[in-house]
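Novice: the sequence isn't on hand, but the structure is:
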């Protein structure tokens, strides 16, 4: 039993699109209850990695292990990998091999929720409806796959009330209660970003993957977002995987930073060490490889 | 929450109160109508006064008074002092929703009274035409439109071969009758189930496709079904079709002149009108069932998932919704209602042939859904009345022959007028007659979502 072990372990992940290698042998892990940031220049393969983790892409090779509950022994994971199955329950939890699962299964069983770089709400549905749709699977079970719901069974009505309560809780957390009955498409940009996070949280995830949540926000909204993410993490024992370009957010809230460049990991560690890593600086400033030494010397001075 | 408490109950109360008020008005009308209308004194050949009772006039007057008062109360709620609480929270969208509700209620009352009105206004000979050609015909298309609305309007899957499920329903009824001797009431649910199974069968391979590709494959499916019906002569009898499909019975009483018939049982004089009126109420009940189920499903997780699917499929999958299954349920349920309608069609006609299931029918139903406003039940009903009723009205415009000459045939201009109407509508209301969307759940007040935000789906 090792509760501090990684929730998510990405091992030798490679993703090729035809001749283009978007991700090249990427390995990193996201610790339980921590905020792990993935940063890198545009086109480094961050979103591709996200899409592999959340099942939207089938990786060309590699293994993505997610373990809920207690930390499984490596032999257990290997046994599952060899068995060809997608997931199995262990003594005190379950293991999922995300690269084998379709996208909706990753969300439904492995409890991984995500948001999108270009916001993907249901614009023609109200804010409240967006949050109720997110609780589709438990509500579907409660409605007896529609049969009980059609006749208005009390069990379903109770489940629906519970779903509304959960939605209200997240509306409150994201300061959207006043807009509950408005169409999601009518919200201002910052509110849409918050709603997308609230919607993801309504699926009761263990791992929340945020793809550039601060993109397009003004400094005040960005500060609010950082606060929101930290409070969610504290209150819900949640692990967060974060792609972000806004370094103020990354440095402020993340416990661990992974830096990608051209599909490869170039740095991995706590924010402070990554910030001063010459290879990271080189990647961001676009310095040639042979000049890395010079940059390094400059930093030392 | 206080606003919700204040805004919601008065709606319920005002409806009940309005019905009570209208009943009072009807009573008053009865009191007035009996002395004025009920008896007419005519003179016979011998100049003797003869008392002629006119109770049908009284019934019409009372019915009209009731309907008019109810419509008045529901549409202008602020005029009487019944609903002061409504005023405070009445927003424009609220008033519009209220109007839609009142319109639907008034329409429903009118529909239930329709056969009697037709009978009273045009006599027995004319009533068959009005009830059958207008009433039943329009209601079949209303039902088809509502069925397709689940697939196209809610789930956003463009299905151009809906007529295939209509045909499956009609032919399964005909074949079950001929091969197993089942009656209409057993065939009706079976036809719906068969059509739903065909929907699933088609859905499995097809729902991987999106947008235009889905439309083309469903269109092809509609044609395949029709061609199979034409060419599989040993089973379907080809072009000649299947005749002798028994008509629906009234709890086992057939509508014929025999002693076991409906008319004889109730001591009425036999007339084919009884069956027509009964068929009208059957299709009305079927259509209302379709509507009720659809409205119910919209407020259940499966219905919300359909609409979410129309809005954004990728977001749906990121929330753990199995989109394939969700699409299949929409396809199957839509197809099932098409099958019910087909079964009714077979029983009403007594004869079916592949000619009744051409692409034109699919196009008509899709046009009804699109013109009505995708996802709007009321809009679809209005569009069905306009499209199908319009066609029938053209047959009635004989007076145009006096204007344009004796060889002028108004029905030949049907397609031209349709085209014109569609162009006008697409300019005036590109998203259909009723394009706003009512949320399925609300916290404080139901605010309609404006048309521009609602997505149309992409397969």
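Specialist: Nice, thanks for sending it over. This structure is a prediction, so every number in the text was calculated from the model and none was measured.
Novice: past the longest helix along chain B, which element shows up next along the chain?
Specialist: The helix that spans the most residues within chain B, counting by DSSP state H, is helix B:92-128. Scanning forward in sequence from helix B:92-128 by DSSP states H and E, the next helix or strand is helix B:137-148.
Novice: re earlier: does the longest helix of chain B reach chain A?
Specialist: No - judged by Cβ under 8 Å from any Cβ of the partner chain, helix B:92-128 stays clear of chain A, getting no closer than 10.2 Å. For every residue, glycine as well, the C-beta is placed using N, CA and C.
Novice: for that helix, buried residues please.
Specialist: By neighbour count on 16 or more other Cβ atoms under 10 Å in any protein chain shown, the buried set for helix B:92-128 is B:93-94, B:97-98, B:100, B:102-103, B:105-106, B:109, B:111, B:113-119, B:127-128.
Novice: one more: stretch B:450-459?
Specialist: B:450-451, B:453-455, B:457, B:459.
Novice: ok, which of these also contact chain A?
Specialist: Contacts with chain A are made by B:450, B:453-455 out of the buried residues of stretch B:450-459, judged by Cβ under 8 Å from any Cβ.
Novice: with secondary structure added, can I get those in JSON lines?
Specialist: Formatted as JSON lines, these follow (DSSP: H, G, I helix; E, B strand; the rest coil):
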{"residue": "B:450", "secondary structure": "coil"}
{"residue": "B:453", "secondary structure": "helix"}
{"residue": "B:454", "secondary structure": "coil"}
{"residue": "B:455", "secondary structure": "coil"}
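Novice: ok, the residues you listed vs residue B:230, which is closest?
Specialist: Set against residue B:230, the nearest of these by Cβ to Cβ is residue B:455 (38.3 Å).
Novice: list phi and psi for that closest one.
Specialist: Taking degrees, to the nearest 10, you get phi -80, psi 160 for the backbone angles of residue B:455.
Novice: so it is in contact with residue A:123, correct?
Specialist: Yes - shown here, residue B:455 and residue A:123 form a contact pair, counting by Cβ atoms under 8 Å, at 6.9 Å.
Novice: shared neighbours of those two, anything?
Specialist: Common contacts of residue B:455 and residue A:123 (Cβ atoms under 8 Å, 6 or more residues apart in numbering or on different chains): B:311-312.
Novice: can you list the residues of the stretch 151-300 of chain A near chain B?
Specialist: Checking the stretch 151-300 of chain A against chain B by Cβ under 8 Å from any Cβ, the hits are A:156, A:164, A:168, A:180-183, A:185-186, A:199-200, A:203.
Novice: let's see which of the residues you listed end up in helices.
Specialist: A:156, A:164, A:168, A:199-200.
Novice: how would you label the residue minimising distance to the centre of chain A: helix, strand or coil?
Specialist: The structure's chain A has its C-alpha centroid closest to residue A:209; by Cα atoms, centre = their mean the separation is 0.8 Å. Classification of residue A:209 by three-state DSSP places it in strand.
Novice: number of nearby residues for the closest residue to it other than its chain neighbours?
Specialist: Residue nearest to residue A:209 in three dimensions, not counting chain neighbours: residue A:114, with 4.1 Å by Cβ to Cβ, 6 or more residues apart in numbering or on different chains. Residue A:114 has 27 neighbouring residues, counting by other Cβ atoms under 10 Å in any protein chain shown.
Novice: domain-wise, how is chain B divided?
Specialist: Using automatic domain parsing, the domain parsing of chain B gives B:1-90, B:123-396+B:429-453.
Novice: what segments of the chain are strands?
Specialist: No chain in the question, so chain A it is. For chain A, applying DSSP state E gives strands covering A:6-17, A:20-31, A:35-39, A:61-69, A:87-90, A:93-97, A:112-114, A:207-211, A:239-243, A:256-261, A:264-269.
Novice: right idea, wrong chain: chain B
Specialist: Using DSSP E, strands in chain B cover B:39-43, B:49-53, B:242-243, B:351-352.
Novice: now these as CSV including distance to residue A:102 and mean pLDDT?
Specialist: What follows is the strands of chain B, written out as CSV (distance: least, Cβ to Cβ, whole Å; pLDDT from 0 to 100):
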stretch, distance to residue A:102, mean pLDDT
strand B:39-43, 76, 74
strand B:49-53, 73, 76
strand B:242-243, 44, 86
strand B:351-352, 42, 90
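Novice: so which of these gets nearest chain A?
Specialist: strand B:351-352 (31.0 Å; Cβ to the nearest Cβ).
Novice: what does the closest one contact?
Specialist: B:170-171, B:174, B:241-245, B:345-346.
Novice: buried members of those into PyMOL, please.
Specialist: To isolate the buried members of the contacts of strand B:351-352 in PyMOL, using 16+ other Cβ under 10 Å:
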select buried, chain B and resi 170+171+174+241+242+245+345+346
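Novice: report the two of the contacts of strand B:351-352 separated the most.
Specialist: B:244 and B:345 (15.3 Å).
Novice: any idea of the mean pLDDT in stretch A:237-247?
Specialist: Averaging pLDDT along stretch A:237-247 gives 88.
Novice: for it, buried residues please.
Specialist: Buried, per 16+ other Cβ under 10 Å, within stretch A:237-247: A:238-244, A:246.
Novice: re the thing from before, can you tell me which of the strands of chain B is nearest to residue A:110?
Specialist: Nearest of these to residue A:110, taken as Cβ to Cβ: strand B:351-352 at 51.2 Å.
Novice: right, I'll leave it there.
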